[in-house]
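Novice: Here is the input, now give the coordinates:
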Amino acid sequence: MTDAFTRRASLALMGAAALSAAAPAFADEWKPIKPVEMVIMAGQGGGADQLARLFQAIIQKQGLSRMPVLPVNKGGGSGAEALRYLKDREGNAHTIMATLNSYYTTPLRADIGVDIAEFTPIARMALDSFVLWVAADSDIHNLDDYVAAVKAAGGSFKMGGTGTGQEDSLVTAMLEKEFGIKLTYVPYKGGGDVATALIGGHVSSTVNNPSEQMGFYRAGKSRPIAVLTAERLTRFPDLPTFTELGHPLVYTMQRSFVGPKDMPAGAVAYYTEMFRQLSETEQWRKYTEEQALLADFLTGDALQAYFLEERDKHAEILRDMSSSS
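Specialist: Numbers count the residues shown, from 1 in each chain. Below you'll find the model as predicted:
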């Protein structure tokens, strides 16, 4: 990984002069003096990875950073690898991390020596949604069909998802509790693998984020059943929410960026402004519409308060899962 990063960093530095010339002026005097690592706490191909690489592409295209931003996947241990990596970079001004909800759950599930309250909040870009999916050739066409099929399978109905304890497994536990059903949870390395497993017939349902299934959905290979949002998604106007079907299940995933403990204030201001400008680009607006993301920019103390509140909520969800297992 180190050699690969070095080669990419060298190539990126060759284009740094051009980026520097294009980057807008920032209020703070701090500026990166070397490539910025964008750590992704998930494997390649899933929603977190796709989104982080989109951010990198927009930053580069729009010249929003004076130095290149280089994505680095560290998805081991449900994100524990990334969390530990960030912890070990206390005070570092050239490392940022793209987060998902395992930002809360992984430190809650295992003692990895990480307290997210110590990390530096930078920006929340959006909230992602979860949809219950089946294959398009399935006999399941609505939620009643789905619950009946799962019950008929007597515990053998397969739900594909990301690692145990990650978001997909939490949503699966919520479904089991709400409907009194039992699913066989099959974990994969990332959301992209999960989406492919559904189409390949290796599992019978998923709770993929829309962006992870969108390619198969457009190809007519997958079918959404219901979404876990408070209101219907603009991208799927005919897709009912669980709430309107009589089951108040709402769960979203934050797409945010944080820095290590004690990141210099100038660096925090630089990255916050960088992501604020990114949030106003036409490319980001178009992507959020197409992939059913709920754009919701939040920074500073308000973002940290949100993180800690969500950590408490996820601790309760995990306790419920533990008591019912």
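Novice: Could you list the low-pLDDT ranges of the stretch 101-250 of the chain?
Specialist: Counting by pLDDT under 70, the stretch 101-250 of the chain shows no low-confidence range.
Novice: what ranges do the helices span in it?
Specialist: 102-109, 143-153, 167-179, 191-199, 210-218 (DSSP state H, counting those that start in this stretch).
Novice: Go through the last one and flag the buried ones.
Specialist: The neighbour-count check on helix 210-218 (16 or more other Cβ atoms under 10 Å) flags P210, S211, E212, Q213, M214, F216, Y217 as buried. Using the backbone N, CA and C atoms, a C-beta is placed for each residue, glycine as well.
Novice: and the fifth one, how far is that from S138?
Specialist: Which is M214. 18 Å (Cβ to Cβ, to the nearest Å).
Novice: quick revisit: L245: which of the buried residues of helix 210-218 is nearest?
Specialist: P210 (18.2 Å; Cβ to Cβ).
Novice: Longest helix in the chain, please.
Specialist: helix 300-324 (DSSP state H).
Novice: now the angle between helix 167-179 and that helix, please.
Specialist: Angle, helix 300-324 to helix 167-179, by axes from the mean of the first three to the mean of the last three Cα atoms, to 10 degrees: 60 degrees.
Novice: Who are the packing partners of helix 300-324?
Specialist: In terms of contacts (3 or more Cβ pairs under 8 Å, 6 or more residues apart in numbering; DSSP states H and E), helix 300-324 is packed against helix 102-109, strand 120-129, helix 167-179, strand 252-259.
Novice: hmm, who's touching it?
Specialist: Outside helix 300-324, the residues that touch it by Cβ atoms under 8 Å, 6 or more residues apart in numbering are 101, 103-105, 108-109, 116-117, 121-124, 165, 170, 173-174, 176-177, 254, 256, 272, 298.
Novice: Need the buried residues of helix 210-218 in CSV (columns: distance to K261).
Specialist: Below are the buried residues of helix 210-218 laid out as CSV (distance: Cβ to Cβ, whole Å):
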residue, distance to K261
P210, 34
S211, 31
E212, 31
Q213, 36
M214, 36
F216, 40
Y217, 40
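Novice: related to what we said a few turns ago, among the helices and strands packed on helix 300-324, which is nearest E282?
Specialist: strand 120-129 (15.2 Å).
Novice: which other helices and strands contact that closest one?
Specialist: By 3+ Cβ pairs under 8 Å, 6+ apart, strand 120-129 packs against helix 210-218, strand 252-259, helix 265-279, strand 294-298, helix 300-324.
Novice: Take the helices of the stretch 101-250 of the chain and write them to CSV, including distance to A265.
Specialist: Below are these laid out as CSV (distance: least, Cβ to Cβ, whole Å):
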stretch, distance to A265
helix 102-109, 22
helix 143-153, 49
helix 167-179, 32
helix 191-199, 35
helix 210-218, 33
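Novice: closest to A48 out of the ones you listed?
Specialist: The minimum distance between A48 and those falls on helix 191-199, with 7.7 Å, by Cβ to Cβ.
Novice: got the contact list for the closest one?
Specialist: Counting by Cβ under 8 Å, 6+ apart, 42-50, 133-135, 160-162, 168, 186, 188, 203-206, 208-209, 212-213, 215-216, 221-222 sit against helix 191-199.
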